[in-house]
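In: model this:
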Amino acid sequence: MTQTFDLADPGIPERDWLAALASREFPTLDLRAFEHLVVVAAHPDDETLGAGGLMATAAALGLRITVVVLTDGAASHPNSPTHSPRELRRIREAEVRHAVSSLAPDASVVTLGLPDGALAEQGDKPVNAIVEAIGLDGASTLLLSPWHADRHPDHAAAAQAAALSARRTDATHLGYPIWAWHWSSVDEFPWESAVSIDLTPSTVEWKRTAIAAHTSQVEPLSDAPGDEALLPDHVLQHFARAQEILLSQNVIQDQALDDLHDEQADPWNVDESWYERRKRAVTLGLLTRARYESALEVGCSIGALTTDLAERCDRVLGIDASAHAARAATARVPENAEIQQRDAPEDWPDGRFDLVVLSEVGYFLSPRRWDALLDRVRESLTEGGEVLLCHWLPQPDGWPMDGEVVHEAAIERLSGEGRRVVVQYRDDHVRMEVIGPNPVRPH
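Out: Numbering: from 1, shown residues only. Below is the predicted model:
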């Protein structure tokens, strides 16, 4: 995607937008429904232009506020004869910290310093930073980012990273338009997906002051050609309103693990890694019975553990959301094992199982989806069925839960109704539990 507008053009007059806003009613965003506000900015000043009033309002309500600025903004004046990119980087970071502090004095500001204009090329870094900022409290977090259709490549990349972070954390994700107020039109603007927040006169003034703190963007760097103000008055008028508009964002699927299985035939090195081979041996050793009738393995990857389970079970069903993993597992497992591509918990198999294996899968789900999966597991167990949990303890980059959190949630959700933890194992790297009825005493 390339930028398809020129800020030097007159754009859509602000009076047209004000008339359109006055003629419409919007659902009001209730900030009291949230405890944490995370604002993602593609560039220093996006957060102030698009959501400065909302930040000030949230601060007044006592919300915890985190601002994540993804790029350094150093490409704002590529032809400046007086300021190098390094100098612009330093200036713009100082400006964003000043602006945010004037709106929300207690807010945390995280600056990644990624290259301006190349955000889409930065891999997992934006998602990792956003997920870390949200943490485990995604269900009570409002996540804002530039609108995905704002016609700027960095804005689109920021929205994509935020959408993926929202899926992994359960955060509520909305987008703030910035450049759309310049290039769009009243007739084509997506009013049906809009919510609004009204700003008090004091908040409007605080936002004006915060915008002015981005001096390098609203004033010329010098009188020399190439140092012109980036944001002319006809653009700044769109951000002086007593109302901010937020838009629904695209909901996306998380393809990270499928992409990993596409790129590598054995992404976890399950056949060669001593950790993986030892882990499978310990896993099988923890099972309380010599044999099971019907087992379900969720997140089977390429089927290494599925194959081992087939030696202890009459039937094994392995499921994985990755099409590439499912194909690899199908080619590997014996006849009494079946592999299906399913994105659990939403796509859950029929049947009842006396063994469900959840190995290295929980932290690749959001907390809410993990809870939902555990509910499906409980519903699918036979009366004497068992659940085997096995997870690496460190937290994977880009997801909010680690192995400890995953297991504690599972124990809380699966215990009771005659089931409890009957076997435990842990070392410096991995934690395992078997949850089931009291085991039969050995003869």
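
In: show me where the stretch 301-443 of the chain has its strands.
Out: Along the stretch 301-443 of the chain, counting by DSSP state E, counting those that start in this stretch, strands occupy 313-320, 337-341, 353-359, 381-392, 420-426, 430-436.

In: looking at these, which is closest to Ala75?
Out: Nearest to Ala75 among the strands of the stretch 301-443 of the chain is strand 381-392; the distance by Cβ to Cβ comes to 39.2 Å. From N, CA and C alone the C-beta is placed, and that goes for glycine too.

In: just the CA coordinates for that closest one, please, in PDB.
Out: These are the backbone C-alpha positions of strand 381-392, laid out as PDB (Å, rounded to 0.1, in the frame of the first residue of the first chain):
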ATOM      1  CA  LEU A 381     -15.000 -36.200  28.800                       C
ATOM      2  CA  THR A 382     -16.400 -39.600  29.700                       C
ATOM      3  CA  GLU A 383     -17.400 -40.100  33.300                       C
ATOM      4  CA  GLY A 384     -13.900 -41.400  34.200                       C
ATOM      5  CA  GLY A 385     -12.000 -39.400  31.600                       C
ATOM      6  CA  GLU A 386      -8.700 -37.700  32.200                       C
ATOM      7  CA  VAL A 387      -7.100 -34.500  30.900                       C
ATOM      8  CA  LEU A 388      -3.300 -34.400  30.500                       C
ATOM      9  CA  LEU A 389      -1.800 -30.900  30.500                       C
ATOM     10  CA  CYS A 390       1.800 -30.200  29.300                       C
ATOM     11  CA  HIS A 391       3.200 -26.700  28.700                       C
ATOM     12  CA  TRP A 392       6.600 -25.000  28.500                       C
END
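
In: show me the shaky parts of the stretch 1-150 of the chain.
Out: For the stretch 1-150 of the chain, the stretches flagged by pLDDT under 70 are 1-3.

In: just the helices in it please.
Out: With helices called from DSSP state H, counting those that start in this stretch, the stretch 1-150 of the chain shows them at 14-22, 46-61, 85-103, 125-134.

In: and those helices: which comes nearest Tyr176?
Out: Among these, the nearest to Tyr176 by Cβ to Cβ is helix 46-61 (3.2 Å).

In: buried stuff in stretch 376-390?
Out: By 16 or more other Cβ atoms under 10 Å, the buried positions in stretch 376-390 come out as 376-378, 380-381, 385-390.

In: for stretch 311-319, the distance to its chain's centre please.
Out: Centroid separation for stretch 311-319 versus its chain: 33 Å, with Cα atoms, centre = their mean, to the nearest Å.

In: what's the answer for stretch 370-390, then?
Out: In terms of Cα atoms, centre = their mean, the centre of stretch 370-390 is set 26 Å apart from its chain centre.

In: one more: stretch 243-259?
Out: Taking Cα atoms, centre = their mean, one finds the center of stretch 243-259 at 8 Å from the center of the full chain.

In: closest to Trp206 out of the buried residues of stretch 376-390?
Out: Nearest to Trp206 among the buried residues of stretch 376-390 is Arg376, at 47.5 Å by Cβ to Cβ.

In: now do the closest one against Pro367, distance only.
Out: From Arg376 over to Pro367 the distance is 15 Å, taken as Cβ to Cβ, to the nearest Å.

In: the spatially most central residue of the chain: which element?
Out: In the chain, the C-alpha closest to the average C-alpha coordinate belongs to Ser165, at a distance of 0.6 Å (Cα atoms, centre = their mean). Element membership of Ser165, judged by DSSP states H and E, is helix 153-169.

In: ok, Ala59 - contacts?
Out: When contacts are counted by Cβ atoms under 8 Å, 6 or more residues apart in numbering, Ala59 touches 65, 103-107.

In: could you dump these into CSV and include neighbour count and distance to Thr141?
Out: Formatted as CSV, the contacts of Ala59 follow (neighbours: other Cβ atoms under 10 Å; distance: Cβ to Cβ, whole Å):
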residue, neighbour count, distance to Thr141
Ile65, 23, 11
Leu103, 27, 18
Ala104, 27, 15
Pro105, 9, 20
Asp106, 10, 16
Ala107, 20, 14
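
In: pick the one among these closest to Arg431.
Out: Closest approach to Arg431 among the contacts of Ala59 (Cβ to Cβ): Ile65, at 34.1 Å.

In: does that closest one touch Pro105 like I think?
Out: No - using Cβ atoms under 8 Å, Ile65 is not in contact with Pro105; the gap is 9.7 Å.

In: quick check, nearest of the contacts of Ala59 to Leu136?
Out: Distance to Leu136 across those (Cβ to Cβ) is lowest for Ile65, with 17.4 Å.

In: okay, the strands of the stretch 301-443 of the chain in a markdown table with mean pLDDT and distance to Ala304 next?
Out: Shown next, in a markdown table, are the strands of the stretch 301-443 of the chain (pLDDT from 0 to 100; distance: least, Cβ to Cβ, whole Å):
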| stretch | mean pLDDT | distance to Ala304 |
| --- | --- | --- |
| strand 313-320 | 98 | 10 |
| strand 337-341 | 98 | 12 |
| strand 353-359 | 99 | 10 |
| strand 381-392 | 97 | 13 |
| strand 420-426 | 97 | 19 |
| strand 430-436 | 98 | 15 |
